[in-house]
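K.L.:
need coordinates for the below:
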Amino acid sequence: MTSGVPSGFDIHDVFTRLIPGGLLAGYFIVFSIGHELFVDSVSNEIVIFLFIMLAYITGESIDHIRRTRVPTPYLFQRLLYAETKNSDMLGRIDRIRLTLGDLPVIGRFVKGPSKPDTIMDSLDHNLAEEIKEDLPKFDSLTDREIFLIFTRMIRDSMGSNTLRYRSMYIFVVNMQISIYLSTLLAIIGLLFNSTADSLGPTLAILFGPLVMFYVIFMFKKIDHEYMDNLCLDYLEHKNSLENRGSSHEERDILQ
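P.N.:
Here you go, the predicted structure:
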């Protein structure tokens, strides 16, 4: 382990903390001291070390925002809503869409959230109903609590694909948050700090939306793959429990 690197630091932290945090921290530094001074300072090892530490701490803060503001994949929320018709299972944006979709005029242009196509449909499984069987207090739980218990239940059954897509999902969401905040910081830099070097903020405003469009495009594919792999792991988890129960019954009969 490299000196100064947080305990347990691995490639997952590089993508989900260091890169999103480095983007936001970099824009903050450029906004504060100007891009020329920032570029000149990069050759200093101490500065590089401090920047990595700042990027990691910033990335942890971004991940905290994700866990508190976007704790549940929206596909999971929509699956629960489609199968329970409980709007509390939806995220804030989907609830707004649902409300607007019910209005007479606006409803023609804004549609409520639809049930996503997942591998559960192909296998004729109802995810919400099956989770209900495992969670007696399902109806009193929030989508965040259900997702947390759901992922804890199948933790030992998660395959390498699921873990990989989980890291990619967290990376994309954290990058979205970082780009939002970086673009906001860039706009503030141009509006209220006319003496500062405007190159960094200008580039953020020009390229921020393009990067965001690409990240959102990635997100749609990754979110579906992550959800499908979670569902497959859940079915494997249930099958393993049923097989274990059957083997216990067979041993009881033989005894």
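
K.L.:
next SSE after the helix or strand of the chain with the lowest mean pLDDT?
P.N.:
The weakest-scoring helix or strand in the chain, judged by mean pLDDT, DSSP states H and E, is helix 35-41 (a mean of 57). Scanning forward in sequence from helix 35-41 by DSSP states H and E, the next helix or strand is helix 45-69.

K.L.:
how distant is that next one from the center of its chain?
P.N.:
On the basis of CA atoms, centre = their mean, to the nearest Å, helix 45-69 sits 17 Å off its chain's mean C-alpha point.

K.L.:
who are the packing partners of that helix?
P.N.:
helix 19-33, helix 160-192 (3 or more CB pairs under 8 Å, 6 or more residues apart in numbering; DSSP states H and E). For every residue, glycine as well, the C-beta is placed using N, CA and C.

K.L.:
so the chain: which segments form each domain?
P.N.:
Segmentation of the chain into domains, based on automatic domain parsing, reads 11-69+160-246, 74-153.

K.L.:
deepest of those, which one?
P.N.:
domain 11-69+160-246 (a mean of 17; mean count of other CB atoms under 10 Å).

K.L.:
Thr118 contacts Tyr226, doesn't it?
P.N.:
No. Counting by CB atoms under 8 Å, Thr118 does not reach Tyr226; the two are 10.6 Å apart.

K.L.:
one step back: tell me which of the helices and strands packed on helix 45-69 lies nearest to Val105.
P.N.:
helix 160-192 (30.4 Å; CB to CB).

K.L.:
show me what the closest one is packed up against.
P.N.:
helix 19-33, helix 45-69, helix 199-254.

K.L.:
the first one vs helix 45-69, what angle?
P.N.:
Inter-element angle recorded for helix 19-33 and helix 45-69: 120 degrees (by axes from the mean of the first three to the mean of the last three CA atoms, to 10 degrees).
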